[in-house]
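**Student:** just a sequence and a predicted model for now, questions to come.
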Amino acid sequence: MRSPRILTDVEKESIIRFRNEGKNKKEIAKEIGCGTQVIIKYLAEVGDMNKKVGRKKMSVAQKIRKDKRIQSKIVERYGWGHTAEKLASRFGLDVCEVKDIIKGFHLFEGINKDLTCKSPSENATFSNILTERIIHSNGKYPYLKYRLSKSGTGILCNQIMKELNGNEITMFDIVIPCMKTIIINTETEENKRNWDMKKGNDAAFVRFLSHIECCDFFFAHQGIESILSSMEERAKSYVEAEFKFDHRFVFPDNLLG
């Protein structure tokens, strides 16, 4: 006797989606690659009312596009950094549908693709200065030194930042991933004003900073010591949180000098 066809979770999701789109059981069976009785049995289990198939119904994705309340929730959660997979689970959608919906919202449209002020070589020089100040600070920035030494990524120059779906959004002068920090390599207030003018859509830009969890945003002309002092305070809070949740953690003594 042949074993009964077992539907996977992905197939079950697809069956519901096809049904919502208005396909009949025979059509769904053909899409899934199983017998019609398998579809009938599963739909009976989930409470399908055996509706007659007439005019094609809107898909879940289409309904969401028309429902401004759900749209705003998806936008909000995506802006917080929720992945497409997490949103798909939350709203009962396929991951591909979520990516389609998010793409259709144009959340980060209007941001300049290049938000650097300086060339790669100039930014590399600035990055080296930052690193030297931290290393030879006579114990002034121990927590920041620890975070950078532990991260493995260090300080990145002319870094292209992407959104969660992997689409490239814009490039910044200096990015310090372990500190969730971005530095624009300006020399004067006029440089900053010029940078502000080319930034693009303000709302989309702020949304993107939140999306990539950028905690600190600096301009180089504010002064290196001021920037490093601010990052040291944040680094200290990170290390203290690490110690709080892992009592085996020991801060390296060699970073104090």
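**Tutor:** Yes, it's here.
**Student:** longest helix anywhere in this structure?
**Tutor:** With DSSP state H setting the assignment, residue counts place helix 224-245 as the longest helix in the chain.
**Student:** what ranges do the strands span in the stretch 51-200 of the chain?
**Tutor:** Taking DSSP state E, counting those that start in this stretch, the strands of the stretch 51-200 of the chain run over residues 156-162, 168-176, 181-184.
**Student:** can I get those in CSV including mean neighbour count, distance to residue 30 and mean pLDDT?
**Tutor:** For every residue, glycine as well, the C-beta is placed using N, CA and C. Compiled in CSV, the strands of the stretch 51-200 of the chain are given as follows (neighbours: other C-beta atoms under 10 Å; distance: least, C-beta to C-beta, whole Å; pLDDT from 0 to 100):
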stretch, mean neighbour count, distance to residue 30, mean pLDDT
strand 156-162, 17, 38, 95
strand 168-176, 20, 39, 96
strand 181-184, 22, 51, 97
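**Student:** so, low pLDDT: which residues of the stretch 51-200 of the chain?
**Tutor:** 51-66, 104 (pLDDT under 70).
**Student:** pull the distance from stretch 90-99 to the chain's centre.
**Tutor:** When C-alpha coordinates are averaged (C-alpha atoms, centre = their mean, to the nearest Å), stretch 90-99 and its chain have centres 16 Å apart.
**Student:** what is the end-to-end distance of it?
**Tutor:** From its first residue to its last, stretch 90-99 covers 14 Å (C-alpha to C-alpha, to the nearest Å).
**Student:** for it, buried residues please.
**Tutor:** By neighbour count on 16 or more other C-beta atoms under 10 Å, the buried set for stretch 90-99 is 91, 93, 94, 95, 97, 98, 99.
**Student:** and the two most separated of the residues you listed?
**Tutor:** 91 and 99 (12.7 Å; C-beta to C-beta).
**Student:** what's around the closest residue to residue 112 other than its chain neighbours, how many residues?
**Tutor:** Spatially, and ignoring its direct neighbours in sequence, residue 112 is nearest to residue 200 (4.4 Å; C-beta to C-beta, 6 or more residues apart in numbering). Residues near residue 200, counting by other C-beta atoms under 10 Å, number 16.
**Student:** can I assume residue 200 is in contact with residue 114?
**Tutor:** No - using C-beta atoms under 8 Å as the test, residue 200 is too far from residue 114 to be in contact (10.5 Å).
**Student:** so for stretch 68-88, what gets flagged as buried?
**Tutor:** So for stretch 68-88, counting by 16+ other C-beta under 10 Å, buried means 74, 78, 79, 82, 84, 87, 88.
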